[in-house]
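Participant: Just to be clear, the model below is a prediction. Sequence and coordinates:
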Amino acid sequence: MSEEVSIFPRRTRNPLIHLQNQFSDPEPSAKTVIYGMKRTIPPGPFMLGSHGVARTFGPSPEFTVIDAVGLSPSQIKQMLDLFEFSQESEDKFRGVDGRKVTDHKALFEPAEDDRPRFVMTQEEREERAKEIDEINRKTVERIERERAEGVDVEKKYAKLSDHNLGPKEEA
């Protein structure tokens, strides 16, 4: 099975818009970086590795690295803040700067801990996709209901936590 690789962001196939977005800010948001990463069709997993490198992988079982980008500490924080607070994640990424990882082998041949650990059959992927679609449908319904009730949903769901990746303060 051959893999098709997209060299433009998933949501924007216009290369001029991609280049404009890529260079318009001194440091793009983590979201901009991730949407700009190459992916296979069908897409494989995405992971943020322990050294601050965001990677897209081809589909299982090979999980070949398709693209790798080192994230800045602020971009790593943006990623972490999208999820519930985790002391383990905060400690794991404290002081990490993925931009310091420049060796091609380190970027594209990650350690086992920084690789996807699961292999799913096509049937399992389809079942999981149905589950995710149902979760997304319920989430959209909840947000629309809250918006109709006057809740500022943009503010409410802007981020779920506030990880502190700065130096640990001594007690």
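Facilitator: Arrived safely.
Participant: dump the residue contacts of K31.
Facilitator: Q78 (Cβ atoms under 8 Å, 6 or more residues apart in numbering). C-betas here are computed from N, CA, C, even on glycine.
Participant: Then S72?
Facilitator: S72 neighbours (Cβ under 8 Å, 6+ apart): 27, 97-99.
Participant: Using CSV, lay out those residues together with secondary structure.
Facilitator: Below are the contacts of S72 laid out as CSV (DSSP: H, G, I helix; E, B strand; the rest coil):
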residue, secondary structure
E27, coil
D97, coil
G98, helix
R99, helix
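Participant: what's the longest helix in this protein?
Facilitator: Counting residues, the longest helix found in the chain (DSSP state H) is helix 122-148.
Participant: one step back: of the contacts of S72, which is the nearest to R55?
Facilitator: G98 (10.2 Å; Cβ to Cβ).
Participant: wait, doesn't the closest one sit right on R55?
Facilitator: No. Shown here, G98 and R55 do not form a contact pair, counting by Cβ atoms under 8 Å, at 10.2 Å.
Participant: shared neighbours, these two?
Facilitator: Joint contacts of G98 and R55 (Cβ under 8 Å, 6+ apart) are 49, 69.
Participant: what's the neighbour count on P116?
Facilitator: For P116, the neighbour count with other Cβ atoms under 10 Å is 16.
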